[in-house]
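K.L.:
Generate coordinates for the sequence data below:
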Amino acid sequence: MSTSSERPATRAAASPVAPVAPSHGVSFAEGMRTWAKIGMLSFGGPAGQIAVMHRILVDEKRWISEDRFLHALNYCMLLPGPEAQQLACYIGWLLHRTLGGIVAGAFFVLPGFISILGLSLAYVAYSDTAVERALLYGLKPAIIAIVAAAVMRVGRRALKNRIMIVIAVVAFMAVFVLGVPFPLIIGGAAAIGLLGGRLRPDLFVVSKGHGAASASTAAAQPVIADDALAHAKPSWGHALRTLTLWLVLWWAPVLALLAILGPHNVFTREGLFFSEAAVVTFGGAYAVLAFLAQQAVQVYHWVSVHEMMDGLGMAETTPGPLIMVTQFVGFMGAYREPGGLNPYAAATMASVLVTWVTFMPSYLYIFLGAPWIEHLRGNQRLNAMLSAITAAVVGVILNLACWFALRTLFAEVIDHQVGPLHMSVPTWSTIDWGALVLSAGACVAMLRFGVGMIWTLAVCLALGMGWSLVAR
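P.N.:
Numbers count the residues shown, from 1 in each chain. Predicted coordinates:
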């Protein structure tokens with residue numbers, strides 16, 4: 001097998017889209033099979049998904065070096081949207097140019113899309129059955145532990161000093177007490193990071209290591225040499241063509257819906273809202289869930305609080321990015337407002353639309369930015385901004401954990417508005433002791449003993465189902 005260091009100079013002139021025969025020896029067909037396998041195994045949230053990619057691509061197949069893998073991961077962590085899917089897209093682009101990135105990103109999403117669509121259809125058809133209610137009773141306490149584990153995981157990575165802790169606390173208070181919208185919190189954190197990076201870079205430039213990438217055992221040369229990526233050289237012409245193409249693909253369906261159906265139709269509103277969410281969702285899926293829940297439940301009324309938690313449970317237990325919960329929200333919104341369409345047909349079309357506008361921006365970010373990645377690395381101001389944003393995200397995720405916990409453990413939660421203050425206060429007499437015991441047990445299992453997400457979900461589902469059927 002020849003390495004990519006032997007790639008002839010004429011290869012750089014080839015089309016970035018065409019699946020030309022790569023000199024590194026990994027065929028396009030083999031790449032497709034591998035991305036399909038990774039997509040089917042992508043359980044466990046971003047950390048688990050990135051770990052699967054690292055094990056297969058770095059340790060087993062040795063297609064990419066440890067340094068190049070971390071290089072790509074660090075870039076994806078700068079971006080809004082699902083970092084694991086973006087990482088797959090990035091490495092697919094390295095292997096087989098633009099078409100390879102498209103296939104890798106699509107195969108990472110497709111298993112989850114099919115699973116969530118099937119579960120959503122079953123949800124609206126059978127949600128009133130006793131068995132369905134019993135299953136969901138056990139699922140919701142497990143979600144509290146999963147989100148709490150996310151707070152701990154991101155916090156350990158981001159809160160390296162007192163300044164970062166203060167930013168996280170302020171972000172939590174801003175969203176929990178004042179109801180400040182998520183985009184404003186992210187914008188404020190970015191401004192603080194830019195200023196702090198200039199005044200005190202020693203406090204604001206924080207290392208962004210990721211627990212998914214262990215030390216590689218690969219002593220052999222990877223098939224993609226780090227210094228031999230001819231198609232990765234940036235150019236302004238390529239950047240302009242890429243920006244134009246992917247903006248058109250992203251926005252053409254949304255603008256067509258706006259022109260044909262008007263701004264108040266559910267399809268138009270979902271297309272616009274989830275496009276907005278794709279731009280402001282720094283910090284991964286758990287961060288966007290707070291913004292999504294706030295808008296989808298309280299503003300648009302597409303789902304209820306409990307339905308939002310049910311959708312998160314679906315996304316947690318199926319392959320693919322956790323952000324696939326947006327598909328469920330879009331499904332339910334169109335199911336309730338189908339217009340003149342059959343509710344099931346409207347909901348299915350909304351699933352496709354929401355998935356399209358959720359993931360299309362990721363292709364834009366990768367194909368536009370990846371050739372310039374070397375220019376982004378080592379940029380002190382950019383790293384300072386990212387550090388502050390990530391610290392704020394910890395506070396936002398903590399708010400999400402509190403939001404879920406209150407509405408799982410209490411049958412009644414009253415929202416009080418006193419001037420600028422907004423507080424959710426539970427009615428203590430409505431506490432659900434069974435849910436409290438399950439939640440406490442799940443938190444201890446995950447946070448103290450390191451029990452995996454799948455096992456925690458399985459046990460909570462079984463115990464919750466038994467408790468619900470016996471007690472009710």
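K.L.:
And the strands in the stretch 351-472 of the chain?
P.N.:
413-418, 421-426 (DSSP state E, counting those that start in this stretch).
K.L.:
now the angle between strand 421-426 and the first one, please.
P.N.:
On the basis of axes from the mean of the first three to the mean of the last three Cα atoms, to 10 degrees, strand 413-418 is oriented at 160 degrees to strand 421-426.
K.L.:
for strand 413-418, what is the average pLDDT?
P.N.:
Across strand 413-418, pLDDT averages out at 77.
K.L.:
Identify all contacting residues around it.
P.N.:
Applying Cβ atoms under 8 Å, 6 or more residues apart in numbering, the external contacts of strand 413-418 come out as 406-407, 422-427. For glycine as for every other residue, the C-beta is placed from the backbone atoms N, C-alpha and C.
K.L.:
And the helices in the stretch 351-472 of the chain?
P.N.:
Taking DSSP state H, counting those that start in this stretch as the test, the helices found in the stretch 351-472 of the chain are 373-376, 380-409, 433-443, 453-471.
K.L.:
relative to helix 380-409, how tilted is the third one?
P.N.:
If you take the same axes, to 10 degrees, helix 433-443 sits at 150 degrees to helix 380-409.
K.L.:
which among the contacts of strand 413-418 end up buried?
P.N.:
For these, a neighbour count by 16 or more other Cβ atoms under 10 Å gives the buried set as 407, 424, 426.
K.L.:
For Leu406, see how far away the last one is.
P.N.:
This means Pro426. Distance of Pro426 to Leu406, given as Cβ to Cβ, to the nearest Å: 5 Å.
K.L.:
Likewise for the second one?
P.N.:
Here the criterion is Cβ to Cβ. By it, Ser424 lies 6 Å from Leu406.
K.L.:
Repeat that for Ala168.
P.N.:
Distance from Ala168 to Leu406, by Cβ to Cβ: 20 Å.
K.L.:
if we can go back for a sec, how about the strands of the stretch 351-472 of the chain, which one is nearest Gly25?
P.N.:
strand 421-426 (57.2 Å; Cβ to Cβ).
K.L.:
got the contact list for that closest one?
P.N.:
Here strand 421-426 has contacts from 177-179, 403, 406, 409-410, 412-416, using Cβ under 8 Å, 6+ apart.
K.L.:
Closest one to Trp35 out of those, please.
P.N.:
Of the contacts of strand 421-426, the one sitting nearest to Trp35 (Cβ to Cβ) turns out to be Trp403, at 34.9 Å.
K.L.:
Could you check what's spatially nearest to the closest one, not counting adjacent residues?
P.N.:
Leaving aside its sequence neighbours, Trp403 sits nearest to Ala293 (Cβ to Cβ, 6 or more residues apart in numbering; 6.5 Å).
K.L.:
what's the answer for Phe267, then?
P.N.:
Leu257 (5.1 Å).
K.L.:
how about that neighbour, what does it touch?
P.N.:
265, 267-268, 271, 353.
K.L.:
quick check, nearest of those residues to Gly188?
P.N.:
Among the contacts of Leu257, and counting by Cβ to Cβ, the member closest to Gly188 is Gly271, at 27.4 Å.
K.L.:
returning to that earlier point: now, the most widely separated pair of the contacts of strand 413-418?
P.N.:
The widest separation within those (Cβ to Cβ) is 17.3 Å, between His422 and Thr427.
K.L.:
Quick check: which element contains Cys89?
P.N.:
helix 83-126 (DSSP states H and E).
K.L.:
tell me what that helix is packed against?
P.N.:
helix 28-40, helix 45-53, helix 66-77, helix 305-316, helix 325-336, helix 343-369 (3 or more Cβ pairs under 8 Å, 6 or more residues apart in numbering; DSSP states H and E).
K.L.:
Looking at the ones you listed, which is nearest to Pro183?
P.N.:
Nearest of the helices and strands packed on helix 83-126 (Cβ to Cβ): helix 343-369, 14.9 Å.
K.L.:
Quick check: mean pLDDT of that closest one?
P.N.:
94.
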